[in-house]
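Novice: Just the structure for this:
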Amino acid sequence: MIQTAWPFPPGMSDFNKSIIAEFRDNEGKVGGTFAGETLLLLHTTGAHSGKAYVTPLICLPDGERQLIFASNAGGDTHPAWYHNLKANPDTTIEIGVEKVQVRATEAQGDERDRLWGRLVEHNPVFGEYQKKTSRVIPVFVLEPVR
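Specialist: Below is the predicted model:
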């Protein structure tokens, strides 16, 4: 059984489920809050539970790679998918109509800062998220596995 990632604020699970359905029904395109953004569906395996999860995330293409950001909307803790991805970095994403096997690595130092800067330039709300928290928001690079 595939579930959306946890924990969510009340009602968020249903919200994510509706985004996932819209994504799959419209070849990766969604409207509303995410209109015009590139989204992917990140498949993870629970670090402790072993359960399968799917999480819709804004991403930035970087050549063949995809960049994702563990902002948790500026919360003081990493989102659940962060821990799942750290424990199980070989995973699958859905981007558009394709399923792609990827290996996730967390960007560090100057590379992280450069990639984060690209995101904030593209979508300034992420800069606001960083201001809301004392943690450095992680950036992951998703590299296709061939």
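
Novice: which SSE is the residue nearest the centre of the chain in?
Specialist: In the chain, the C-alpha nearest the mean C-alpha coordinate belongs to L57, at 3.7 Å (Cα atoms, centre = their mean). If you go by DSSP states H and E, L57 is part of strand 52-58.

Novice: could you give the mean pLDDT of the helix or strand following that strand?
Specialist: Moving toward the C-terminus from strand 52-58, the next helix or strand (DSSP H and E) is strand 60-62. On average, the pLDDT along strand 60-62 is 95.

Novice: Give the buried residues for strand 60-62.
Specialist: Using 16 or more other Cβ atoms under 10 Å as the test for burial, strand 60-62 gives L60. No exception for glycine: its C-beta is placed from N, CA and C like everyone else's.

Novice: The lengthiest strand in the chain: what's the following helix or strand?
Specialist: Counting by DSSP state E, the longest strand found in the chain is strand 98-106. Per DSSP H and E, the first helix or strand lying C-terminal to strand 98-106 is helix 109-122.

Novice: Please, where are all the strands along this protein?
Specialist: Using DSSP E, the strands of the chain run over 2-4, 39-45, 52-58, 60-62, 65-69, 90-95, 98-106, 139-144.

Novice: Let's have the ones you listed in TSV, adding distance to K17.
Specialist: Conversion of the strands of the chain to TSV gives the following (distance: least, Cβ to Cβ, whole Å):
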stretch	distance to K17
strand 2-4	6
strand 39-45	12
strand 52-58	9
strand 60-62	24
strand 65-69	19
strand 90-95	15
strand 98-106	19
strand 139-144	22
